[in-house]
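Undergrad: Everything below, folded, please.
(chains A and B)
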Amino acid sequence: DTAVSQTPKYLVTQMGNDKSIKCEQNLGHDTMYWYKQDSKKFLKIMFSYNNKELIINETVPNRFSPKSPDKAHLNLHINSLELGDSAVYFCASSHWQGGEKLFFGSGTQLSVL
Amino acid sequence: RKEVEQDPGPFNVPEGATVAFNCTYSNSASQSFFWYRQDCRKEPKLLMSVYSSGNEDGRFTAQLNRASQYISLLIRDSKLSDSATYLCVVSKGAQKLVFGQGTRLTINP
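TA: Alright, predicted model coming up:
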């Protein structure tokens, strides 16, 4: 009964490829997020969606395109992968009211070679 | 200056000890403050909110000093299971949390 699940857990790919990470939550939350955690462990917000509507787009290259088909899903597509994209990507969800309590997925470790 | 700054550690303390660490934030307009915990290779999880009057949850005490713009976390009678990275988190507005780098804590038997 995983609350926030994201796949795949590990993603190893060559520079220049296009890849997607999927996220689903079964908590009934209306807000979902993508966070990136770099090698220095800083966790930074990339995007947030509320009821399928983009709310936050935090200066992320347009090679990154989130898609929310419904409020329980938020996928992340990355085009033309670069070495600097290597990081752990976390999906998260919360209620719109009470956005400080985030429930995170287990993360996707992306390695670009 | 980083928006949220923490000493990355690592802090190594013996089991049973009391340990405290601070975090400073740069935006005086910040409204909400939290501590999250992240175990090695796992996702962050909310540990506790931090209220102006200070608050306690079992062995954990969180304090906020708005004048000096810092937040603290105190862990009493530390357990081996407390070993983790503790992330200081500040709310920058609706649904926008800013995470510190985290302080790595290891409790030794």
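Undergrad: Tell me the helices and strands packed up against the helix or strand of chain A with the lowest mean pLDDT.
TA: When each helix and strand of chain A is scored by mean pLDDT, DSSP states H and E, strand A:53-57 comes last, with a mean of 85. Applying 3 or more Cβ pairs under 8 Å, 6 or more residues apart in numbering or on different chains; DSSP states H and E, one finds that strand A:53-57 contacts strand A:43-50. All C-beta spots, glycine's among them, are computed from the backbone N, C-alpha and C.
Undergrad: Sort out which residues of the strand it packs on are buried, please.
TA: Buried residues in strand A:43-50, defined by neighbour count with 16 or more other Cβ atoms under 10 Å in any protein chain shown: A:43, A:45-50.
Undergrad: Pull the contacting residues for the residue positioned nearest the centre of chain A.
TA: The centre of chain A sits closest to A:Trp34, judged by Cα atoms, centre = their mean, with a distance of 3.0 Å. Remark: with contacts taken as Cβ atoms under 8 Å, 6 or more residues apart in numbering or on different chains, A:Trp34 is in contact with A:23, A:45-48, A:66, A:74, A:76, A:89-92.
Undergrad: What is the burial count for A:His9?
TA: Small correction: residue A:9 is Lys, not His. If you count neighbours by other Cβ atoms under 10 Å in any protein chain shown, A:Lys9 ends up with 12.
Undergrad: can you check A:Lys40 too?
TA: Quick note: A:Lys40 (other Cβ under 10 Å) scores 8 neighbours.
Undergrad: Tell me if it really is in a strand.
TA: No. Assigned with DSSP: H, G, I helix; E, B strand; the rest coil, A:Lys40 falls outside any strand and is coil.
Undergrad: where does B:Ala94 land on pLDDT?
TA: Predicted confidence (pLDDT) for B:Ala94: 64.
Undergrad: Now do the least confident helix or strand of chain A against strand A:43-50, angle only.
TA: 160 degrees (axes from the mean of the first three to the mean of the last three Cα atoms, to 10 degrees).
Undergrad: What parts of chain B come near chain A?
TA: Residues of chain B found near chain A (Cβ under 8 Å from any Cβ of the partner chain) are B:8, B:32, B:34, B:41-46, B:49, B:85, B:87, B:89, B:91, B:94-97, B:99, B:101-102.
Undergrad: Tell me the buried residues within the residues you listed.
TA: Among the residues of chain B next to chain A, those buried by neighbour count (16+ other Cβ under 10 Å) are B:32, B:34, B:43-44, B:46, B:49, B:85, B:87, B:89, B:91, B:95-97, B:99, B:101-102.
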